[in-house]
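# model this:
(one chain, ligands or ions: 2)
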Amino acid sequence: MDTISHSIIAPKLTIFRYGLSPSKHLTLRSNSTARTNAASRSRVSAGIKIQNPPIDFSDPDWKSKFQSDFEKRFNLPHITDTFPDAEPIPSTFCLKMRTPVTEEFRGGYPSDEEWHGYINNNDRVLLKTIYYSSPTSAGAECIDPDCTWVEQWVHRAGPREKIYFKPEEVKAAIVTCGGLCPGLNDVIRQIVITLEIYGVKKIVGIPYGYRGFSDKELAEMPLTRKVVQNVHLSGGSLLGVSRGGPGISEIVDSMEERGINMLFVLGGNGTHAGANVIHKECCRRGVKVAVVGVPKTIDNDILLMDKTFGFDTAVEEAQRAINSAYIEAHSAFHGIGIVKLMGRSSGFIAMHASLASGQIDICLIPEVPFHLHGPHGVLRHLKYLIETKGSAVVCVAEGAGQVS
Ligand SMILES: Nc1ncnc2c1ncn2[C@@H]1O[C@H](COP(=O)(O)OP(=O)(O)OP(=O)(O)O)[C@@H](O)[C@H]1O
Ligand SMILES: O=P(O)(O)OC[C@H]1O[C@](O)(CO)[C@@H](O)[C@@H]1O
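Residues are numbered from 1 along each chain as shown. Ligands and ions are numbered 1, 2, ... in the order given. Model prediction:
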């Protein structure tokens, strides 16, 4: 199976791929790999070998075992795991209000009012919504050889009716680390505005990533709705970014000194590895701090999120390059345009830009192995395009053809 390639042909677009056996489509991940994968561009499922304990499909209970294992893996930690005595209070925020919920609601909402302002703790989002009747169905991703329907879900994010931090006692900090990504300022803005709606008054930005926790020259930046009102109109990060910086102990010391008890980190893999150890260090010290990770990946390759910020901008911008390549290729005799786009481990930008542009003939992405040569190879198809259309445009994601 792994040497025969075939192509899926959509109008004007060919994505080269191998025929994969169902077993190679497994998306099941262990707890640790789910997290690592999520942080390391794991939306890719086809073609990647996943190290998991094999499922014994001869066991008549395999499905219920799989589902309960899946449930355990997505069992979210809660603040009361670390602070069993933490007392919940009614939330001051509600999806239906644009000002903090006031005292008059503290005892509950009027019974005749349909409130629907919160996410229930048991709300779930189904990850797989397609029932494939056969492993040979186009795009089939099967757990087992018979392609049985197995429910996979994750918790639904959003505001809860009970909170554990009194807004007046919160000092929230926001930090942006790693490289830039479109949308960082939008996220900073929205965090500040939402915190204010909760009633939080003390909000600061930590300048230049984790470095801002140790460098005495870098003063924290007070953030209010007024400060962030128009920041989404400019690129980059209002706070600045950096790589490297202090050790975890120094960061947590600094947070304690500053009285920060809520930290929002915006960043990629490294940033989240840092956030994780900051959280662990806070737990070890017994300081009540909420560490919130906001994943930053322009590649949109986090399975558990609808879409990561910056992705749409990347797709939009990519189309300008595609359009230029198209014009060049079609103006030249037997012209071939090649556009290389971001995406070392996943090809969502390349695929979406290709589809949206309507100008790409071949799209090569890391998830889908292909041959350059041979009867089903890319070059053969390119020759066919030149012979029949006179020109062609190819879109290549950075990591295409590099997954072994
Ligand atoms: N394993 C780790 N433990 C603690 N901190 C880390 C770890 N890896 C990276 N960091 C810290 O996280 C910050 C950002 O990391 P990094 O430069 O790797 O960017 P990133 O978050 O992966 O973003 P990008 O995807 O843009 O590269 C740095 O300040 C770095 O010191
Ligand atoms: O060259 P680096 O820093 O490893 O990053 C490359 C990766 O970063 C991105 O450009 C953005 O995540 C990816 O498309 C690419 O895979």
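# Return the residues in contact with residue 293.
Contacts here follow CB atoms under 8 Å, 6 or more residues apart in numbering; on that basis residue 293 touches 265, 267, 271-272, 275-276. For the C-beta atoms, the positions are set from N, CA and C on the backbone; glycine is no exception.
# Please narrow the residues you listed to those residing in helices.
The helices, defined by DSSP state H, take in 271-272, 275-276 from the contacts of residue 293.
# farthest pair in those residues?
271 and 276 (9.8 Å; CB to CB).
# Okay, and the spatially closest residue to residue 374 that is not a sequence neighbour sits in which element?
The shortest distance from residue 374 to any non-neighbouring residue, by CB to CB, 6 or more residues apart in numbering, is to residue 380 (7.0 Å). Assessed by DSSP states H and E, residue 380 sits inside helix 378-389.
# Sticking with residue 353, tell me its helix or strand.
Following DSSP H and E, one finds residue 353 within helix 348-357.
# Relative to residue 88, which of the ones in helices among the contacts of residue 293 is nearest.
Distances from residue 88 to those, taken by CB to CB, are shortest for residue 275, at 23.7 Å.
# thought that closest one was touching residue 268?
No - Residue 275 is beyond contact range of residue 268, at 10.9 Å (criterion: CB atoms under 8 Å).
# The two: who's more crowded?
residue 275 (24 against 19; other CB atoms under 10 Å).
# for that one, what are its contacts?
Contacts of residue 275 by CB under 8 Å, 6+ apart are 263, 265, 267, 291, 293.
# domains for the protein, by residue range?
For the chain, the TED database gives the domain ranges 58-105+115-158, 165-295, 311-397.
# Same list (those) but as a markdown table, adding mean pLDDT and distance to residue 303.
Converted to a markdown table, the domains of the chain look like this (pLDDT from 0 to 100; distance: least, CB to CB, whole Å):
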| stretch | mean pLDDT | distance to residue 303 |
| --- | --- | --- |
| domain 58-105+115-158 | 86 | 7 |
| domain 165-295 | 97 | 11 |
| domain 311-397 | 97 | 10 |
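# okay but residue 79 is in contact with residue 86, surely?
Yes - contact status for residue 79 versus residue 86: in contact at 5.3 Å, counting by CB under 8 Å.
# which neighbours do those two share?
With CB under 8 Å, 6+ apart, residue 79 and residue 86 have common neighbours 164, 288.
# Enumerate the residues of the protein near ligand 2.
Within the chain, the positions near ligand 2 by CB under 6 Å from any ligand atom are 297-299, 342-345, 398-399.
# Now list the buried members of the ones in helices among the contacts of residue 293.
271-272, 275-276 (16 or more other CB atoms under 10 Å).
# Could you list every helix and strand in contact with the helix holding residue 353?
strand 13-18, helix 311-331, strand 336-341, strand 362-364, strand 392-397 (3 or more CB pairs under 8 Å, 6 or more residues apart in numbering; DSSP states H and E).
# Please enumerate the strands of the chain.
With DSSP state E as the criterion, the chain has strands at 5-10, 13-18, 89-90, 124-126, 153-155, 162-163, 171-176, 202-206, 221-222, 262-267, 290-295, 336-341, 362-364, 392-397.
# so which of those comes closest to residue 314?
It's strand 336-341; of the strands of the chain, that one is closest to residue 314 (CB to CB) at 7.9 Å.
# Starting from the closest one, tell me which strands it pairs with and how they run.
strand 392-397 (parallel) (DSSP bridges).
# still on that earlier bit, from the buried ones among the ones in helices among the contacts of residue 293, which single one is nearest residue 330?
residue 271 (42.6 Å).
# Can you tell me, leaving aside adjacent residues, what's nearest to the closest one?
Of all residues not flanking residue 271 in the chain, residue 177 sits nearest, at 4.1 Å (CB to CB, 6+ apart).
# Ligand 1 contacts on this protein?
177-179, 209-210, 243-245, 267-271, 273-274, 277.
# Helices of the stretch 101-250 of the chain, start to end?
Along the stretch 101-250 of the chain, counting by DSSP state H, counting those that start in this stretch, helices occupy 184-198, 225-228, 248-258.
# filter the residues of the chain next to ligand 1 to the buried ones?
Here, 16+ other CB under 10 Å leaves 177-178, 209-210, 245, 267-269, 271, 274, 277 buried among those.
# Output those in a markdown table; the columns should cover distance to residue 184.
Listed next are those as a markdown table, based on distance: CB to CB, whole Å:
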| residue | distance to residue 184 |
| --- | --- |
| 177 | 10 |
| 178 | 10 |
| 209 | 12 |
| 210 | 15 |
| 245 | 17 |
| 267 | 10 |
| 268 | 12 |
| 269 | 16 |
| 271 | 12 |
| 274 | 17 |
| 277 | 22 |
